[in-house]
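In: I need the structure of the sequence given here:
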Amino acid sequence: MSWRHAVRPALRMLLQRDDHADPHLELLRLGAEDPDVAAEDITVTLLLAGALVTGTVVSTETWERLHLGQLRDQDYDLRRVVREALAHLDDAAEKGRRRREPDRRFLHLRDVTYRSGRTTHTLPMWRGPVAAVSGWTLGEPHKD
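Out: Below you'll find the model as predicted:
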């Protein structure tokens, strides 16, 4: 496989007339999810309800790994439940019973800066609904 197999889904996204999805933002999400595209270290700034969220786009798999790492420090039993559930889905996918695909409704970021008014917070990771994004740009904001 190569990046060429990602062209057809990319074209589908660019040609879709879905009012709820930005096809170009979907292309970034697709690039992060597809191992053959190798879209790494793409920084975006999202506008959500008047706040700016800046971070590096990552795949669902990377976000899940980071999430499990954070759960390790919070609750051992909950981490075990999540890890076992994900392993069950992966096992079913490998056996062809059920295909596990990334949830297109969400975008995942790492090394996140959240800005609202004069308040700034940093977060190790972020998961948010693509439908909540009212605007976006590549890169991060700079002070004038």
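
In: Let me see the contact set for the spatially most central residue of the chain.
Out: By C-alpha atoms, centre = their mean, the chain has its centre lying nearest to residue 108, at 2.3 Å. Residue 108 makes contacts with 32, 57-60, 62-63, 125-127, as judged by C-beta atoms under 8 Å, 6 or more residues apart in numbering. All C-beta atoms are positioned from the backbone trio N, CA, C, and that covers glycine.

In: ok, of those, which one's closest to residue 140?
Out: residue 57 (12.5 Å; C-beta to C-beta).

In: To which secondary structure element type does that closest one belong?
Out: Secondary structure assignment for residue 57 (DSSP: H, G, I helix; E, B strand; the rest coil): strand.

In: burial count for it?
Out: 22 (other C-beta atoms under 10 Å).

In: Narrow the contacts of residue 108 to those in helices?
Out: 32, 60, 62-63 (DSSP state H).
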